[in-house]
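Engineer: The sequence and its predicted three-dimensional model are supplied below.
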Amino acid sequence: MAIHEKSLIRPENLKVQDKVVVDGVDVSGHWSTFIQSRVVTDYNEALEEEIAALPGGEHIHRCWQCGSCTNSCTVNALNPDFNPRYWIYLIRTGMESELLRDKDIIWQCVSCNKCTYACPRDVEPEGVMKATAHWLELKGHTQKSKSTLFDEEFTEQVIATGKIEEGRIIRNFFARTGQPLLQDWLVEMAKRVARRLPFKQGLMMGWATLFRPRTRKWAKASAALSEYVHEQEQRNRKALRIEERA
Ligand code: SF4
Ligand code: SF4
């Protein structure tokens, strides 16, 4: 049978016999390439359930493995190892250790949603990629990605003040990710903005940076949002059987 996705075969599992003769016919080299058989014993039978419990992963059970998501994927066009169809297959069959071999590239999904438009089963593969990246972080298989750290900073600021102050977000995001604040592109952007910014608006931005204003009567909304976020975190951790935080 033809091998359609040869990139999925680990090189160490390909066995080529230099010299094989069958019934007097020389089948050496290309004709005697075999894939080493293997036995998987460490299935995580709850894997699909765990991914489905996270936001975005809800429809993973609908996948019928047509491959349209991978065929249309922006990142797969650059890196054939980025393969949403294959990861969905691994998740649905509980092959956690195989999935973990790709843990360092799953987060690279750029959320273009081409896969979501191509999918005939409304699996929403983009959501499944997000849920899988989130699962990897929650289970401690990967560090929090920069996009997660940015989302956290953004969310914390909204909950605390009911407002977004871009300068503070960038400053805190850089601090969380260990980046220097004075980066050439940022300094250049700030100079250009400063040149065009009306004086009054510049003054208001400076004031907001220094004094961190809040939306009026925000306290109740802030408490409700905090409670909701906490509930969702606890729900996710419970679904993944992670010890609950106090
Ligand atoms: S959303 Fe992610 S998985 Fe889907 S096509 Fe874009 S990069 Fe690929
Ligand atoms: S396009 Fe949809 S149904 Fe097809 S393999 Fe991808 S997720 Fe599964």
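Structural biologist: Sure thing, it's come through. Ligands and ions are numbered 1, 2, ... in the order given.
Engineer: can you tell me which residues contact residue 176?
Structural biologist: Residues near residue 176 by Cβ atoms under 8 Å, 6 or more residues apart in numbering: 149, 152, 153. No exception for glycine: its C-beta is placed from N, CA and C like everyone else's.
Engineer: How about residues contacting the strand or helix carrying the last one?
Structural biologist: Of the helices and strands defined by DSSP states H and E, residue 153 is found in helix 146-161. Counting contacts by Cβ under 8 Å, 6+ apart, the residues outside helix 146-161 that touch it are 107, 134, 137, 144, 163-165, 168-169, 172-173, 176-177, 212-215, 218, 222, 225-226, 229.
Engineer: Got phi/psi on residue 22?
Structural biologist: Taking degrees, to the nearest 10, you get phi -120, psi 120 for the backbone angles of residue 22.
Engineer: Dig out what it forms beta bridges with.
Structural biologist: residue 25 (DSSP bridges).
Engineer: Can you list the buried residues in the helix holding residue 153?
Structural biologist: Within helix 146-161, the residues that count as buried by 16 or more other Cβ atoms under 10 Å are 149, 150, 153, 157, 158, 159, 161.
Engineer: now the top helix by length along the chain, how far from the centre of its chain.
Structural biologist: Identified as the longest helix of the chain according to DSSP state H is helix 219-239. Put simply, helix 219-239 sits 22 Å off its chain's centre (Cα atoms, centre = their mean, to the nearest Å).
Engineer: which strands and helices sit next to it?
Structural biologist: If you count contacts as 3 or more Cβ pairs under 8 Å, 6 or more residues apart in numbering; DSSP states H and E, helix 219-239 packs onto helix 125-138, helix 146-161.
Engineer: can you do 10 Å?
Structural biologist: Counting contacts by 3 or more Cβ pairs under 10 Å, 6 or more residues apart in numbering; DSSP states H and E, helix 219-239 packs against helix 47-52, helix 125-138, helix 146-161.
Engineer: Can you say which of those is nearest to ligand 1?
Structural biologist: In terms of Cβ to the nearest ligand atom, the element of these nearest to ligand 1 is helix 125-138, at 3.7 Å.
Engineer: mean confidence for the closest one?
Structural biologist: Averaging pLDDT along helix 125-138 yields 96.
Engineer: Number the chain from 51, please
Structural biologist: Sure thing, new numbering starts at 51, so read that last one as helix 175-188.
Engineer: so does that helix get close to ligand 1?
Structural biologist: Yes: using Cβ under 6 Å from any ligand atom as the criterion, contacts between helix 175-188 and ligand 1 involve 175, 176, 179.
Engineer: got the angle for that helix vs helix 196-211?
Structural biologist: Angle, helix 175-188 to helix 196-211, by axes from the mean of the first three to the mean of the last three Cα atoms, to 10 degrees: 80 degrees.
Engineer: so helix 175-188 versus helix 269-289, what angle?
Structural biologist: Using the same axes, to 10 degrees, the direction of helix 175-188 lies 80 degrees away from that of helix 269-289.
Engineer: Please save the CA atoms from helix 175-188 in PDB.
Structural biologist: The C-alpha trace of helix 175-188 is given here as PDB (Å, rounded to 0.1, in the frame of the first residue of the first chain):
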ATOM      1  CA  PRO A 175     -10.000  22.200  14.200                       C
ATOM      2  CA  GLU A 176      -8.600  25.600  15.100                       C
ATOM      3  CA  GLY A 177     -10.500  25.300  18.400                       C
ATOM      4  CA  VAL A 178      -9.100  21.800  18.800                       C
ATOM      5  CA  MET A 179      -5.500  23.100  18.300                       C
ATOM      6  CA  LYS A 180      -6.200  25.800  20.900                       C
ATOM      7  CA  ALA A 181      -7.600  23.300  23.400                       C
ATOM      8  CA  THR A 182      -4.700  20.900  22.800                       C
ATOM      9  CA  ALA A 183      -2.100  23.700  23.400                       C
ATOM     10  CA  HIS A 184      -4.000  24.600  26.500                       C
ATOM     11  CA  TRP A 185      -4.100  21.000  27.600                       C
ATOM     12  CA  LEU A 186      -0.300  20.700  27.200                       C
ATOM     13  CA  GLU A 187       0.100  23.800  29.400                       C
ATOM     14  CA  LEU A 188      -2.300  22.700  32.100                       C
END
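Engineer: Fine, thanks again, bye for now.
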